[in-house]
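# 3D, please:
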Amino acid sequence: MFKKILDEHKNGIIVLNRKFEVCYTNKILQNIFSHTPGKRCGEFFECIHQSLEKKRCLETRKCGKCNIKNNIKKVLDGEIKNIYIENIEYEALINDKIEKISMSIEIKNLQHENENYITIEFFKLKTLDKILISNKRLLDEMLDNLGDFIFYKDFSGKYIYGNKSFCEYIGVKKIDLIGKTDSELFSEVLVKEWVKGDKKAWIEGKFILEEKINGRYFRVTKQRLDAEEQAILVCVIRDITYERKEMKKAYQDGLTGVGNRHAYDKKIRKIFEDKEKKYDIALLDLDFLREINNQQGHNQGDFALKVTAKAIKNSGLKYIYRIGGDEFAFLIEDGIDTFEICENINREIKSVKIGDIPLSSSIGVINLKYDEGIINNFNCADEALYESKRSGRGKITIKKR
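The predicted structure follows:
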């Protein structure tokens with residue numbers, strides 16, 4: 001019954017024993033190659049090297065590098081459960097004519113009556129001018145058409161599969177990837193990082209990391225899948241460079257290049273969640289911006305805002321935000337002289353004139369208190385800022401609490 005089903009199967013099926021001898025082929029393969037039981041695999045496929053050297057399969061000089069033989073051996077020896085490999089190319093002598101053959105096959109282990117056999121299923125088989133078998137595996141075709149890098153590994157870290165994008169990026173053919181480990185493909189530094197991620201994914205079930213490689217940003221997602229036959233590690237690497245740029249725009253003030261109110265809110269929430277460091281929060285208001293806009297025009301007002309942002313950036317601070325029209329916020333980590341930073345910022349701003357109007361800024365500073373909440377801390381800093389403005393502008397008010 002099963003032989004009848006396999007004979008009618010639209011994919012090619014061949015069964016080999018441990019000596020690489022053909023035990024069974026279905027009809028579609030019999031119509032392409034001469035079916036003689038007992039022939040070795042390469043003899044069945046009419047590999048040209050046997051004819052050239054007048055030697056049997058497994059005995060020619062090229063056999064040691066034969067991808068088909070080497071991958072069959074890996075499955076027979078239990079090194080890997082099964083392998084799907086695409087576009088294997090070789091030359092065959094068919095009907096006294098040399099033909100270039102290309103095929104995509106899946107190799108599986110088959111146990112019967114305590115004996116190990118190999119089944120090879122053909123999903124594609126063609127010559128230069130004729131398609132003999134064409135039945136693409138839908139999943140592989142879909143994965144190959146994705147821009148993401150996708151690959152699977154077994155528990156020992158050996159590659160089971162890599163899609164077209166991944167193989168092309170690392171410069172390795174699909175067939176040469178299978179059975180390899182990271183240490184055979186990548187630098188020692190990269191391997192150490194990848195092994196850490198692999199271990200975490202195997203233990204916790206999932207691992208996600210964003211990293212920069214060759215000037216581009218990637219999100220690496222690794223997940224353990226517990227399939228029936230074997231657990232595998234699936235990895236998807238997505239280029240998020242464009243996404244990062246768009247995200248940066250969403251959190252960046254378009255005029256000055258510093259963070260915007262969204263970025264400030266996100267950062268301050270993170271600080272209050274972690275509560276790991278002490279910070280001073282400073283609010284800066286650019287004095288007389290309305291007068292500059294009215295007398296000199298909005299272009300000059302924009303220039304004044306850029307000057308202010310640049311002065312704060314020049315202080316070396318990391319966390320700088322424009323949170324309103326002429327209002328900026330910046331965070332000063334513990335251990336930095338807050339008053340000196342604010343004085344330097346004010347001095348640089350005062351060195352610039354817009355027409356007849358000299359620039360100046362008022363600054364209010366408090367030390368963050370985690371037990372008072374985000375809004376109360378901001379309001380206290382705002383009170384310090386307006387105390388500076390009430391005292392004549394161009395002033396710095398630091399409230400220690």
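
# what's the neighbour count on V15?
V15 has 17 neighbours, counted by other CB atoms under 10 Å. C-beta here means a position set from N, CA and C on the backbone, and glycine is covered the same way.

# hang on, it in a helix?
No - V15: not assigned to a helix; according to DSSP: H, G, I helix; E, B strand; the rest coil it is strand.

# what comes into contact with the longest strand anywhere in the chain?
In the chain, with assignment by DSSP state E, the single longest strand is strand 97-112. Strand 97-112 has contacts (CB atoms under 8 Å, 6 or more residues apart in numbering) with 15, 45, 48, 68, 71-72, 75-76, 78, 81-93, 116-128, 133, 136-137.

# Of those residues, which belong to strands?
Reading strands off those with DSSP E, I get 15, 82-93, 116-126, 133.

# Now the buried members of those.
With neighbours counted by 16 or more other CB atoms under 10 Å, these contain buried members at 15, 82-86, 88, 90, 92, 117-126, 133.

# Run through the protein and note the low-pLDDT ranges.
Within the chain, the segments meeting pLDDT under 70 span 1-9, 34-37, 135-142, 227-229.

# center of it, which residue is that?
I237 (2.7 Å; CA atoms, centre = their mean).

# Wait, a strand at that one?
Yes - with three-state DSSP as the criterion, I237 is located in a strand.

# measure the residue nearest to it when sequence neighbours are not counted to V234 for me?
Once flanking residues are discounted, I237 sits nearest to F149: 3.9 Å by CB to CB, 6 or more residues apart in numbering. Going from F149 to V234 by CB to CB, to the nearest Å gives 12 Å.

# quick one: which of the two has more around it?
Each of F149 and V234 has its neighbours counted (other CB under 10 Å); F149 has more, 21 against 16.

# List phi and psi for the more buried one.
F149 adopts backbone torsions of phi -90, psi 120, taken as degrees, to the nearest 10.

# Contacts only, for it.
By CB under 8 Å, 6+ apart, F149 lies in contact with G162, N163, S165, F166, Y169, C235, V236, I237, R238.

# which of those residues lies closest to F378?
Using CB to CB, R238 comes nearest to F378 of these, at 36.6 Å.

# wouldn't that closest one be in contact with R216 here?
No - here R238 does not reach R216: they are 10.9 Å apart, not a contact under CB atoms under 8 Å.

# and these two? which has more neighbours close in?
Ranked by neighbour count (other CB under 10 Å), R238 and R216 place R238 first, with 17 against 12.

# would I281 count as being in a strand?
Yes - per three-state DSSP, I281 lies within a strand segment.

# Next one: it from G394, what distance?
Distance from I281 to G394, by CB to CB: 20 Å.

# Settle it for me: which of those two has more neighbours?
Per other CB under 10 Å, whichever of I281 and G394 has more neighbours is I281, with 23 against 18.

# That one and E273, how far apart?
For I281, the distance to E273 - CB to CB - is 16 Å.

# Y321 now?
Counting by CB to CB, the gap from Y321 to E273 is 18 Å.

# Look at these two and report which has more neighbours.
Y321 (27 against 8).

# Strands along the stretch 101-250 of the chain, start to end?
Under the criterion DSSP state E, counting those that start in this stretch, the stretch 101-250 of the chain contains strands at 115-126, 131-134, 149-153, 159-162, 206-213, 216-226, 231-239.

# Switch those strands over to a markdown table; also include distance to L305.
Formatted as a markdown table, those follow (distance: least, CB to CB, whole Å):
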| stretch | distance to L305 |
| --- | --- |
| strand 115-126 | 62 |
| strand 131-134 | 64 |
| strand 149-153 | 42 |
| strand 159-162 | 50 |
| strand 206-213 | 30 |
| strand 216-226 | 29 |
| strand 231-239 | 34 |
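
# for those, which one sits closest to G373?
Per CB to CB, nearest to G373 of these: strand 206-213, 30.5 Å.

# quick check: angle from that closest one to strand 231-239?
40 degrees (axes from the mean of the first three to the mean of the last three CA atoms, to 10 degrees).

# And for strand 206-213, what's in contact with it?
For strand 206-213, the external contacting residues (CB under 8 Å, 6+ apart) are 193, 197-198, 200-201, 217-224, 240.

# what's the most distant pair in those?
Checking the contacts of strand 206-213 with CB to CB, the most distant pair is Y217 and R224, at 24.7 Å.

# Could you tell me how many residues sit around G38?
11.

# any idea how far it is from L16?
In terms of CB to CB, G38 sits 11 Å off from L16.

# Overlap of the contact sets of these two?
Counting by CB under 8 Å, 6+ apart, the shared contacts of G38 and L16 are V22.

# Same question for stretch 182-197: list its buried residues.
Residues of stretch 182-197 classed as buried by neighbour count (16+ other CB under 10 Å): D182, L185, V191, W194, G197.

# Restricted to helices, list these.
Within these, residues falling in helices by DSSP state H are V191, W194, G197.

# is it true that G42 lies in a helix?
Yes - the assignment for G42 is a helix, going by three-state DSSP.

# residues near the closest residue to D176 other than its chain neighbours, how many?
Leaving aside its sequence neighbours, D176 sits nearest to N67 (CB to CB, 6+ apart; 7.7 Å). Using other CB under 10 Å, N67 has 15 other residues around it.

# Please name the residues that touch N67.
With CB under 8 Å, 6+ apart, N67 has these contacts: I85, I88, I175, D176.

# Kindly report the same for L146.
N163, S165.

# could you redo the last one with a cut-off of 10 Å?
N163, K164, S165, F166, V236, R238 (CB atoms under 10 Å, 6 or more residues apart in numbering).

# Most neighbours out of the residues you listed, which is it?
F166 (23 neighbours).
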